[in-house]
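**Q** Provided below are the primary sequence and the corresponding predicted coordinates.
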Amino acid sequence: MNKNYKKLIPITGPSITEKEVDYVAKAAKDGWNENATRYVNLFEEKFSKYVGRKFALATSSCTGALHLAYLASGLKKGDEVIVPNITWIASIEPLYYIGASPVFADIEPDTWCMDPKDIERKITKKTKAILVVDLYGHVADMRAILKIAKKYKLKVIEDAAEAVGSEYYGKKAGSFGGVSCFSFHGSKTLVTGEGGMLLTDNENIIKKARYYNDHCKDPKKLFWNLGIGYKYKMSNFQAACGLAQLERVNELVAKKRKIFSWYKKYLSKVPGVSLNVERQGTKNAYWMVTAVFDKKYKINKENLIKKLAKCNIQSRPFFYPLSSLPAIRTKVNTPVSYDVSSRAINLPCGQNITKADVGTVCSCLVKYFGV
Ligand SMILES: Cc1ncc(COP(=O)(O)O)c(C=O)c1O
C-alpha cells in the first residue's frame, strides 16, 4: 500500500442508516408466525409501485429471479435467446440451467447496452426471446428492441439488476418487456445484502413464477408437489432492509448522480477518457462509474487496476465478453464488446464516497497516464 493513500476507497458499498437498522430489528422481533411474510409482501407491493409494474415476487437474488423469469416465460431446452455479449454471467447462467442457448449480440459503443442492429442479425428460427440488460445503469434502446421483438414475435426479459432509479422516456427501468428482474446485492444502489425481485404486468407469468418458487406445490393439497420446483425466497429481514432503502431511494439515486458529476468534472480535463453516457430521453442512475480509455493509451486494464490498488483504491475490470470466458468460450462476431472491454474499468462509486475521495482516484489515474 502506498503510504500517501491511507484510507481504502472501496469500489461499491451501501448507505445504511438508523432507519435500516430499526426496520430490520423490528422484523426480527415481530416478523414471525402470522407475520412471517409481512415485510416481504410490503416490499413487493411498494417496489412494484415504485417501478410501475402490477406484480412482484421478491427473491433471494437476481440470479434466482432471472431463473424464474425464464421458466415463467416458457423458455425451454433448445430455445435460443439473444443476449448482450457484455453483462455479468448471472444474466445468462439460468438459461443454461434450463437448456436454452444464449446467442451473443454486440453492444453499442457509447451506452454499452445491446445493439438493436446486431439483435436482428442474430435471429434464427430457434430464437424465442431477447434478454435486455441495462448495463451499469443505462437503459438499453428499448424502443428499437421492442419493435424487433414485435416484428419477430419474441419475448423480452429485462435484466434491470444494475438500474434501480434509471429511466427511459419517463418510464422506470424494469418496466419493459414481459418480465423484468432487479438485484439488491450489497454492491447495488438499493441493498438488502443479497436479494432480488421479479416484476411483471402479466398475471400468468407471476402465477407461474410463484408456483416454481414454491416447490411446485398443489395449491389445493398440503405437501403435494406437482413438479420439481425451486426456492429463491427473500426473508423478512432482507425485505425490512429493502423497505427502509426504498423510502430513501431518491436520495440514494441522487448520490449516485452526484458522484458521477464529480468524476465528470475532474476527468473532463483528461484527454481520451470517456465516461458513462446519458442518451437523450434517458436518466442514468450511474450504478457503476466507468471510464473507457482512448486506444492511444494502450492500457492494460488488469495492470491499471493493480496500480490503483497500490494507492488503496479498488476498481474493477469492465465485464469481459461472455464469449471469452473459460466457462463459455465460443467464437462470435461482436467487435465492439471486445474493443471496449479491453480498455475500460469501473471506478469507486459507493454511497459513502466523498468528493475528496473522487479527487484522489482521479489524481492517481492522471499520474498513471502522465498527463
Ligand atoms: C446485470 C446483472 N444481472 C444479474 C445479476 C445477478 O444479481 P444477484 O447477484 O442478485 O444474483 C447482476 C449482479 O451483479 C448483474 O449485474
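**A** Everything's here; your move.

**Q** name the helices or strands packed onto the top strand by length along the chain?
**A** Secondary structure of the chain per DSSP state E: the longest strand is strand 127-133. Here strand 127-133 touches strand 80-84, helix 142-151, strand 155-159, going by 3 or more CB pairs under 8 Å, 6 or more residues apart in numbering; DSSP states H and E. Heads up, the C-betas are built off the backbone N, CA and C, glycines and all.

**Q** which parts of the first one are buried?
**A** Spelled out, that is strand 80-84. Within strand 80-84, the residues scored as buried using 16 or more other CB atoms under 10 Å are Glu80, Val81, Ile82, Val83, Pro84.

**Q** could those go into a markdown table alongside pLDDT?
**A** What follows is the buried residues of strand 80-84, written out as a markdown table (pLDDT from 0 to 100):
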| residue | pLDDT |
| --- | --- |
| Glu80 | 98 |
| Val81 | 98 |
| Ile82 | 98 |
| Val83 | 99 |
| Pro84 | 99 |
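
**Q** Export these as TSV, with columns for distance to Ile299.
**A** Formatted as TSV, the buried residues of strand 80-84 follow (distance: CB to CB, whole Å):
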residue	distance to Ile299
Glu80	35
Val81	33
Ile82	30
Val83	27
Pro84	23
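
**Q** re the thing from before, neighbouring strands - and their directions - for the longest strand of the chain?
**A** strand 80-84 (parallel), strand 155-159 (parallel) (DSSP bridges).

**Q** now stretch 219-230, how far from the centre of its chain.
**A** Counting by CA atoms, centre = their mean, to the nearest Å, stretch 219-230 is centred 32 Å from the centre of its parent chain.

**Q** Can you give me the buried ones in stretch 224-238?
**A** Tyr230, Tyr232, Met234, Ser235, Asn236, Phe237, Gln238.

**Q** Just the residues contacting it, thanks.
**A** 24, 27-28, 31, 35-40, 43, 58-61, 64-65, 67-68, 184, 192-196, 211-218, 242 (CB atoms under 8 Å, 6 or more residues apart in numbering).

**Q** overlap between those and the residues near the ligand?
**A** When the contacts of stretch 224-238 are filtered against the ligand using CB under 6 Å from any ligand atom, the residues retained are Ser61, Gly196.

**Q** Name only those of the contacts of stretch 224-238 that count as buried.
**A** Going by neighbour count (16+ other CB under 10 Å), the contacts of stretch 224-238 have 24, 27, 31, 37-40, 43, 58-61, 64-65, 67-68, 184, 192, 194-196, 211-213, 217, 242 buried.

**Q** Give me the nearest residue to Ser324, chain neighbours excluded.
**A** Leaving aside its chain neighbours, Ser324 sits nearest to Tyr338 (7.3 Å; criterion: CB to CB, 6 or more residues apart in numbering).

**Q** Apologies, that question was intended for Lys171.
**A** In space, Lys171 is closest to Gly52, 6.7 Å off (CB to CB, 6+ apart).

**Q** That neighbour contacts Phe176, correct?
**A** No. Applying CB atoms under 8 Å as the test, Gly52 and Phe176 come out as separate, 10.3 Å apart.

**Q** The two: which has the busier surroundings?
**A** Taking neighbours as other CB atoms under 10 Å, Gly52 and Phe176 compare with Phe176 leading, 24 against 13.

**Q** dump the residue contacts of the more buried one.
**A** Per CB under 8 Å, 6+ apart, neighbours of Phe176: Val132, Val139, Met142, Leu146, Val156, Glu158, Tyr168.

**Q** again with Lys355
**A** Neighbouring residues of Lys355 by CB under 8 Å, 6+ apart: Trp262.

**Q** which stretches of the protein have low pLDDT?
**A** Scanning the chain with the threshold set as pLDDT under 70 gives 1-5, 370-371.

**Q** Do a quick rundown of the strands in it.
**A** 55-59, 80-84, 101-105, 127-133, 155-159, 167-168, 171-172, 179-183, 196-200, 273-275, 282-283, 290-293, 316-317, 344-346.

**Q** ok now do Asn35, which residues does it touch?
**A** Counting by CB under 8 Å, 6+ apart, Asn35 makes contact with Asn236.

**Q** any idea how far it lies from the ligand?
**A** Asn35 sits 25 Å away from the ligand, going by CB to the nearest ligand atom, to the nearest Å.

**Q** Over to Lys151?
**A** Separation of Lys151 from the ligand (CB to the nearest ligand atom) stands at 26 Å.
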